Structures are given as structure tokens and as C-alpha cells.
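**Student:** Generate a structure from the sequence data that follows.
(2 chains)
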Amino acid sequence: MNYIEHIGKYYLMLKQIFRKPQKGRIFYEALFKEIEELGIKSLGIISFISFFIGGVIALQTALNLDSPFIPDSLIGFAAKRSIILEFAPTFCSIILAGKVGSYITSSIGTMRVTEQIDALEVMGINSLSHLVLPKVIATVFFYPFLIVLAMALGIFGGWLAGVLSGLFSGVDYIQGLQTTFDPFLITYAIIKTLIFAFLIATVPSYHGYYVKGGSIAVGKASTQSVVWTTILIVVANYFLTQMLLT
Amino acid sequence: MIEVKNLHKGFGDVKVLKGINATFHPGKTNLIIGQSGAGKTVFLKSLIGLHAPEEGTISFDGRINTKFTIEEKRQWRQEIGMVFQGSALFDSQTVEENVMFPLKMFTKKSQAEMLERVNFVLDRVNLENSNTKLPAELSGGMQKRVAIARAIVMNPKYLFCDEPNSGLDPQTATVIDNLIQEITDEYQITTVINTHDMNSVMEIGEKILFLKDGKKEWEGSSEDMLKTDNKIVVDFVYSSNLFKKVREAYLNETK
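**Tutor:** Just a heads-up that it's a prediction; the model follows:
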């Protein structure tokens, strides 16, 4: 199957996903389950990575800006910009594409190869809407909170790294954070996150839903879904940056 | 009653079903048999609407399934129960949740009413005290019984089973066969079973359809099958020595 066919099939899948759920109560039950599975269970890894990467960004910036003519407050400024603009929305989304994407593909793919999706269809249930819509809503709703948390923890990690290493003072770092703060940067990061969250839910779902074969095919589909979600996030990041910041 | 007229189905250049005609009556266990690749699964999946026919019609009590409106199709879906080869139970749900799922999805019953119905059908398939177990905690036979319970929980008019006793030991397979036959008779369901198991054919085959290369090769009851002189059917059904001896004994007795 060529790329054009995949794109066409993906859009047809989206059309099926955004149908009214058959039973509101079951949809909400599934939605809360997905928020827990795809969002809350990712809090740990995102918090851990954000904290340490924030620290590394601040340390690297401090080590590379050793000129006496450059004020230390620039470390906080640069760390803030890097974390808000790129690290939190893009890097964290790529991590989530790996963690959540493989989970989505393998869970839906297993349902496909064990005929659970056929069972839903025979019952007269729109299986795409039933399985994928709660995932889309859960990621689009929850990931902005996750990314804002990643920003906060990354910036805090940078501050702590400076204080503990003695490479720069906490006061200078905070002064850098407060220098020329543009609220649109947060809006930009949230817009990117919403698009990436949509990709993280739908691209792996596509790979899982249309898998053919057995358990090996499901494994291959999981790998492919992570690769394609990552590629699409990186490409979308480029175009969004050009559209929103230039 | 299900009537199949001139059913054709293919995938690309491969023609799988080549003009099948069949009638399945209520209250009877109708079996589809044939070699691997004969088109049994495609036939069954066409009956339940997972494959659209290329040509021909399938009518359910006079209603042609390809001409249904969206509402009629939804209604028809609720009249169907299906037992898949691998049971197809939802992994993340308990036995009770699996069986209750169609009720939650399509009825406005209260939780207590749904639970009462779930317990009734679980009791009917001899699965009491398993409500809180997950499918992974059940044996193959128990999973099949849960699948049957889920298939009949909505009181279906039509029950379809794809290899219901594959992978089961002979004793459990007989229990499943008898259960399906009892339910069919008790609720006057039109049951269509796709099977490879010759024990099932002899035990519960009230009407048997033998498919070969996508065509209907032979049709009759299990008794007719003992008497048939169709070489293709005889070679397939009586390939084991045991069944050969059973047939010889039957023919000698009825001479």
C-alpha cells in the first residue's frame, strides 16, 4: 500500500472516529479510564525526565556561557526559552509517542487479531468511535496539563542544578526567568501540544486498528506507529513553528 | 429463517464464494463444514455482515441485509449473537462486564435488572460464581461458555458460532455442542455453526452444508451424511478409521 492510500485511509478513519458515541455513560467511563491510562500514568516519567533535562539545560548553558561580559541571568532566560518553546511540548511529546503510542497500537492491535473488534462490529457498535474517540479526547484534554507541569519541573530542575553546583546563583536564574516574559510562548507551546496529542492518539490507533496477522504483526505495528508518530511530530513542529512564530 | 441466494464474494482476483444457495431454519443447528480454504469463514462473516456480498442476497426472515436502513441495521445487529473461534472476550473486562456489555450498550435496563439477566445467562451456561474473574483466569471451555452467554444475553434470533469447540478437549467440546443445541431448541434460535469437528457434525448436525472451493457440494442431515455416496464428502468426513467404522456399522445395520 502506498503513502497516498495510507493517508486516505487515515482520513476515512478520522471521519468514523468523530461520530456521536452510542451510549454517553459508556463513553464517559472509557474517557476516564483513558485519562488514567494515557495521562495520569505518564505523570511519573514526564516529571522525572523534565526535572533532570531542565537541570542539564541550565548546566550546559552555564558551562558554555563563561564570558564575564555575559550576565548569569541569561542562563535562566535561555533555560526558560528552551524548556517552554521546545523541550516541554516537543521533546515530551516524543517521549509520550513512545510510551503511549506503543500502548495504544498494541492494545488495539491485540483486539483486532483476537477478533474483539469484530465482536464489537457484530454487536452493531462503531468500533473506531468506541475505541479511539476516548483516547483522542483524553490526550487532547490532559496533555496540555502534563506539558505545563513539564515546563514547571524543567525550570525548577534548572534552578536546583545551579544552586547545588554553584555554577550560578538562584537569584540570577530567577531574574533571567522574569526577563522579557512573553505569554504567547505558553500559548504557542499549548497549541503545539494539542496538535501533537491528537497525533499521539490517532496515528498509533490507525496502526493498531488496521493490523493484519498475529502477535508479530502487532509488535511490528507498534514499532512503526512510534516511528511515524515521531516523524509526524517533528514535521508538524517545523510547520507550526514557522506559522506561529515567524 | 435465513435465506442465502447466489452468494458471491471475493477479495481482489481471488473468488472465495461462488454462488452459494442455502436456507437455515429456526430451532435447528445448521453446520457448515468443509476443508480449510473452502470459504466457510468468509461465508459465516458474510452472514453476520462483516463482509458485503459482491452478488446475491442474504435475507433474515424476509429482510435483505444489504437493503437495511441505518436504524434497521442497528436493530438487526441486536438480533444477532456471535461466538468467535477465540471467544473474543474483552480482556480488560470481567466475566460479568463482558456479558453485561451488550445490555449496557443497547438497553435502558437498571443495573439490578442487567445483573439479574447476566446471572441468568451465566447460570444457563453453567458458569455460576465466575462473575468477577477476568478472561485470562478462565480455561478455554469456560471462555467459550462466557462467549455463548454474551451471545445470548440479548435474546438473539440468530446465533452464529465459528469453530466453537476448537482447541477444547473432547469432553468439554461435547458440553459446548450440547449447550448450543439446547439453547437453539429452547429459544428457537436460527443457529449456524462453522466447524471442523466431526463429532459435532454427528452429534448436533440437524442440517449440514458441505462447502468445497467456495461452492455448496452437499447438503443434508447427519443421518443423510452416513448414507451419502458423494465421494468428496465421504473422503472428507470419513477420513479417520473410527468414522469409517461408524459408517460401515450404520450401513450394515440399515441394509
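
**Student:** Now stretch A:210-230 - C-alpha only, PDB.
**Tutor:** Extracted C-alpha coordinates of stretch A:210-230, given in PDB (Å, rounded to 0.1, in the frame of the first residue of the first chain):
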ATOM      1  CA  TYR A 210      -5.600  -2.000  10.600                       C
ATOM      2  CA  VAL A 211      -3.100  -4.500  11.700                       C
ATOM      3  CA  LYS A 212      -3.200  -7.900   9.900                       C
ATOM      4  CA  GLY A 213      -1.800 -11.100  11.200                       C
ATOM      5  CA  GLY A 214      -0.800 -12.200  14.700                       C
ATOM      6  CA  SER A 215       1.300 -11.100  17.600                       C
ATOM      7  CA  ILE A 216       4.400 -10.500  15.500                       C
ATOM      8  CA  ALA A 217       2.400  -8.200  13.300                       C
ATOM      9  CA  VAL A 218       1.200  -6.300  16.400                       C
ATOM     10  CA  GLY A 219       4.800  -5.900  17.600                       C
ATOM     11  CA  LYS A 220       5.900  -4.600  14.200                       C
ATOM     12  CA  ALA A 221       2.900  -2.200  14.000                       C
ATOM     13  CA  SER A 222       3.800  -0.800  17.500                       C
ATOM     14  CA  THR A 223       7.300   0.000  16.300                       C
ATOM     15  CA  GLN A 224       6.000   1.500  13.100                       C
ATOM     16  CA  SER A 225       3.500   3.600  14.900                       C
ATOM     17  CA  VAL A 226       6.200   5.100  17.200                       C
ATOM     18  CA  VAL A 227       8.400   5.900  14.300                       C
ATOM     19  CA  TRP A 228       5.600   7.500  12.300                       C
ATOM     20  CA  THR A 229       4.200   9.400  15.200                       C
ATOM     21  CA  THR A 230       7.700  10.800  16.000                       C
END
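
**Student:** What are the buried residues along that stretch?
**Tutor:** Neighbour-count burial for stretch A:210-230, counted by 16 or more other CB atoms under 10 Å in any protein chain shown, picks out A:210-211, A:218, A:221-222, A:224-226, A:228-230. For every residue, glycine as well, the C-beta is placed using N, CA and C.

**Student:** out of these, who's nearest B:Asp123?
**Tutor:** Closest approach between those and B:Asp123, by CB to CB: A:Val218, at 35.8 Å.

**Student:** That closest one against A:Met111, yeah?
**Tutor:** No: in this structure, A:Val218 is not within contact of A:Met111 by CB atoms under 8 Å, at 9.8 Å.

**Student:** Which neighbours do these two have in common?
**Tutor:** Common neighbours of A:Val218 and A:Met111 (criterion: CB atoms under 8 Å, 6 or more residues apart in numbering or on different chains): A:Gly208.

**Student:** Quick one: the helices in the stretch 151-255 of chain B, in order.
**Tutor:** Listed in chain order, the helices of the stretch 151-255 of chain B (DSSP state H, counting those that start in this stretch) span residues B:170-187, B:198-204, B:222-227, B:231-237, B:241-254.

**Student:** Which one, of these, ends up nearest to chain A?
**Tutor:** Closest approach to chain A among those (CB to the nearest CB): helix B:170-187, 16.9 Å.

**Student:** Just send the buried residues of stretch A:210-230 back as a markdown table, with pLDDT too.
**Tutor:** Formatted as a markdown table, the buried residues of stretch A:210-230 follow (pLDDT from 0 to 100):
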| residue | pLDDT |
| --- | --- |
| A:Tyr210 | 96 |
| A:Val211 | 96 |
| A:Val218 | 96 |
| A:Ala221 | 96 |
| A:Ser222 | 96 |
| A:Gln224 | 96 |
| A:Ser225 | 97 |
| A:Val226 | 97 |
| A:Trp228 | 97 |
| A:Thr229 | 97 |
| A:Thr230 | 97 |
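
**Student:** Format those residues as JSON lines; extra columns: secondary structure and distance to A:Gly44.
**Tutor:** Output for the buried residues of stretch A:210-230, formatted as JSON lines (DSSP: H, G, I helix; E, B strand; the rest coil; distance: CB to CB, whole Å):
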{"residue": "A:Tyr210", "secondary structure": "coil", "distance to A:Gly44": "31"}
{"residue": "A:Val211", "secondary structure": "coil", "distance to A:Gly44": "29"}
{"residue": "A:Val218", "secondary structure": "helix", "distance to A:Gly44": "25"}
{"residue": "A:Ala221", "secondary structure": "helix", "distance to A:Gly44": "26"}
{"residue": "A:Ser222", "secondary structure": "helix", "distance to A:Gly44": "21"}
{"residue": "A:Gln224", "secondary structure": "helix", "distance to A:Gly44": "26"}
{"residue": "A:Ser225", "secondary structure": "helix", "distance to A:Gly44": "22"}
{"residue": "A:Val226", "secondary structure": "helix", "distance to A:Gly44": "19"}
{"residue": "A:Trp228", "secondary structure": "helix", "distance to A:Gly44": "26"}
{"residue": "A:Thr229", "secondary structure": "helix", "distance to A:Gly44": "21"}
{"residue": "A:Thr230", "secondary structure": "helix", "distance to A:Gly44": "21"}
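
**Student:** ok, and which of those residues reach chain B?
**Tutor:** Filtering the buried residues of stretch A:210-230 for neighbours of chain B using CB under 8 Å from any CB of the partner chain leaves an empty set.

**Student:** Looking at chain B, which residue is nearest chain A?
**Tutor:** B:Arg77 (2.8 Å).

**Student:** Show the contacting residues for the spatially most central residue of chain A.
**Tutor:** Ranked by distance to the mean C-alpha position of chain A (CA atoms, centre = their mean), the top residue is A:Ser93 at 2.6 Å. A:Ser93 makes contacts with A:143, A:147, A:192-193, A:196-197, A:200, A:233, as judged by CB under 8 Å, 6+ apart.

**Student:** rank the helices of the stretch 151-255 of chain B by pLDDT, which is bottom?
**Tutor:** Among the helices of the stretch 151-255 of chain B, helix B:241-254 carries the lowest mean pLDDT, a mean of 76.

**Student:** Please state the mean pLDDT value computed over the longest helix anywhere in chain A.
**Tutor:** Looking across chain A with DSSP state H, the single longest helix is helix A:127-165. The average of the pLDDT scores along helix A:127-165 is 96.

**Student:** Show the secondary-structure elements that it is packed against.
**Tutor:** Here helix A:127-165 touches helix A:3-17, helix A:24-34, helix A:43-64, helix A:73-82, helix A:92-113, helix A:116-122, helix A:170-178, helix A:184-209, going by 3 or more CB pairs under 8 Å, 6 or more residues apart in numbering or on different chains; DSSP states H and E.

**Student:** Measure how the fifth one sits relative to helix A:43-64, angle-wise.
**Tutor:** Helix A:92-113 and helix A:43-64 are oriented at 150 degrees to each other (axes from the mean of the first three to the mean of the last three CA atoms, to 10 degrees).

**Student:** Can you get me a residue count around the residue nearest to A:Gln224 when sequence neighbours are not counted?
**Tutor:** Of all residues not flanking A:Gln224 in the chain, A:His207 sits nearest, at 5.7 Å (CB to CB, 6 or more residues apart in numbering or on different chains). For A:His207, the count of nearby residues is 29 (other CB atoms under 10 Å in any protein chain shown).

**Student:** which residues does A:His207 contact?
**Tutor:** A:105, A:109, A:221-222, A:224-225, A:228.

**Student:** sec struct for the residue of chain A found nearest chain B, please.
**Tutor:** Proximity of chain A to chain B (CB to the nearest CB) peaks at A:Gly124, 2.8 Å away. Secondary structure for A:Gly124, judged by DSSP: H, G, I helix; E, B strand; the rest coil, is coil.

**Student:** Brilliant, that's me finished.
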